[in-house]
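how would this look folded up:
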Amino acid sequence: MSLERNVGLRPGPLRRAVAGAAVVVAAVLVAGCGGSSGGGTQAAGFTQAKQSTTKELTVWVDSSRQAAAAAYQKAHPDVKLDVVTYDGDANGSNFLQTKVQLFNRTGSGWPDVVWSTQANETAWAAKGDNKFTAPLNKGLVPDATLSGFAKGSLDTCTVDGTVYCLRNDLAQVVLWYDQPLMAQFGYTVPTTWEEYEALGKRVAAEHPGYNVGDIGDAFAPEIYFWASKCPVNTLTDATTLKVDSAAPECTRMASLLDTLHQAGSVTNTGVFSNDYAKSQASKTLMLPGPSWFGGALFKDTFKTPGGRIAAAPALHWAADKDQPVTGNVGGGTWLLSSHSTHLDLAVDFMTFVTTNDAYQVEQAPGYPAFSTAAQGWLKKQASSGYFAGDIGAPLVEAATRVWPGWGSPSFSQEKIWASTITPGVTAGKTITSLLPDWQTAITNYAKSNGYRIGQ
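You can find the predicted model right below:
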């Protein structure tokens, strides 16, 4: 089969592929024409396609992970690496799942390795008789490598004891703040949500226009409601989801956000929007957010000058002082296709991009899930001179405090928030008044995905 490939990498410079349907289809057709010819063997816990001896891989990434592919290509110039960019399933787009369903029907087209921003991909990708993801802990990835990931970081990749993906980074939520501005205004960094609310009221009154938080992004529930232990996404077993938006752990956070949004110190303009970057970034006094906010948001998007941004420990409710928890936003995953005809090479790629210092320490914007890489990454941040003070201690502490009660079902809470809460807030409604609508939307999504609603 001959078809000119118009996307990806050959040995040489990285070129970004457009995530449009025509480009993906072109990549799919070529990926289906690998160097093997049918057949398959039962090994490593699944039926493997006949393996090819050619050194080539098809890898799907989002634009932010092109650097990971480029780092691998530089270290392995003999590999023909074809890179296709797509949205990474950002905000729960389900692009990957839709394409995999197509590939399953046509019997070809699967990429070898896929990056996803979503921590819940295995909830669907590891299901059924024709699982998209290959089991990794049954002979493909050594136990010594798997044990090097931070405790609990592979939980979202694990189904019934089988590991189906490798975690790229942790995304534990801490409190980011502008240290010089806080000192200039004479404010003390809050440690509890109650203190945060009180300070937010002061900011609104004393320095109108300055922000202490944002509810306009689709991942807002993971920053605020996950950290509040709100039980709207709790898997009590593999097929049962608890959804209770009227619980006090939900209403207390909704009330706090409504108060500060109405006061004017919490915005509903998404932090990654052009409007925020132009008009509000320089007035961001505080921002609860994941570990990757430091590099990806403040440094790369806002272009905040060095020496300003600091990290404080994750906020907690005073009532939870003995067992403080926090939320988590993303911490993407790498998935290996069970249909790959280059399994050894694909495993090598996945291991490199998740564990090797060339990417995880030197280039990655977020806190690596691989423990030794995380240590190197923290040293890199400290020596960079960009941050105001040590961000390591708050991040290390928060990594152990992510509340385990927020599950990873096969649908996206981000997508639900964006379609239910965001339009209502934009129309002038309060989050508190929208909690019943949120409950209904989550319930409907859960049932349509085969979940039972439990107590």
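
Run through who's touching stretch 60-67.
Stretch 60-67 has contacts (CB atoms under 8 Å, 6 or more residues apart in numbering) with 14, 16, 68-69, 83-88, 90, 96, 111, 113-115, 117, 168, 296, 332, 353, 359, 363-365. Every C-beta, even on glycine, is put in place using the N, C-alpha and C of the backbone.

Narrow those residues to just the buried residues.
Neighbour-count burial (16 or more other CB atoms under 10 Å) applied to these gives 68-69, 83-86, 88, 90, 96, 111, 113-115, 117, 168, 296, 332, 353, 359, 364-365.

So which of these belong to helices?
Counting by DSSP state H, those place 68-69, 96, 353, 359 in helices.

The residues you listed: which two are farthest apart?
Greatest spacing in these, by CB to CB: Leu96 and Tyr359 (21.5 Å).

would you say Ser282 is within a helix?
Yes - the assignment for Ser282 by DSSP: H, G, I helix; E, B strand; the rest coil puts it in a helix.

pLDDT wise, what is it at?
For Ser282, the pLDDT comes out at 93.

Now do the same contact list for Phe387.
Phe387 makes contact with 294, 306-307, 309-311, 381, according to CB under 8 Å, 6+ apart.

what's the closest of these to Ala227?
Proximity of the contacts of Phe387 to Ala227 (CB to CB) peaks at Ala311, which lies at 15.0 Å.

Am I right that the closest one falls within a helix?
No - using three-state DSSP, the assignment for Ala311 is strand, not a helix.

correct me, but it touches Leu175?
Yes - Ala311 is in contact with Leu175 according to CB atoms under 8 Å; the separation is 7.0 Å.

overlap in contacts of these two?
Contact criterion CB under 8 Å, 6+ apart; residues shared by Ala311 and Leu175: Pro394.

The two - which one has more neighbours?
Ala311 (26 against 23; other CB atoms under 10 Å).

buried sites along the helix or strand containing Tyr445?
Assessed by DSSP states H and E, Tyr445 sits inside helix 431-448. For helix 431-448, the neighbour count (16+ other CB under 10 Å) marks 431-432, 434-435, 438-439, 441-443, 445-446 as buried.

could you point out which element follows it?
Sequence-wise, the next helix or strand downstream of helix 431-448 (DSSP H and E) is strand 452-454.

Let's verify the residue minimising distance to the centre of the chain: helix, strand, or coil?
With distances taken as CA atoms, centre = their mean, Gly330 lies nearest the centre of the chain, 1.9 Å away. What three-state DSSP gives for Gly330 is coil.

Distance of it relative to Phe103?
Distance of Gly330 to Phe103, computed by CB to CB, to the nearest Å: 25 Å.

again, but for Val113
Computed with CB to CB, the distance linking Val113 and Phe103 is 14 Å.

Quick check: Thr269 touching Gly216?
Yes - Thr269 lies in contact with Gly216 (CB under 8 Å); the separation is 4.9 Å.

Export the buried residues of helix 431-448 to a markdown table and append columns for pLDDT and distance to Val203.
Listed next are those as a markdown table, based on pLDDT from 0 to 100; distance: CB to CB, whole Å:
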| residue | pLDDT | distance to Val203 |
| --- | --- | --- |
| Ile431 | 98 | 19 |
| Thr432 | 98 | 21 |
| Leu434 | 98 | 24 |
| Leu435 | 98 | 26 |
| Trp438 | 97 | 27 |
| Gln439 | 96 | 31 |
| Ala441 | 97 | 32 |
| Ile442 | 97 | 32 |
| Thr443 | 96 | 36 |
| Tyr445 | 92 | 35 |
| Ala446 | 93 | 37 |
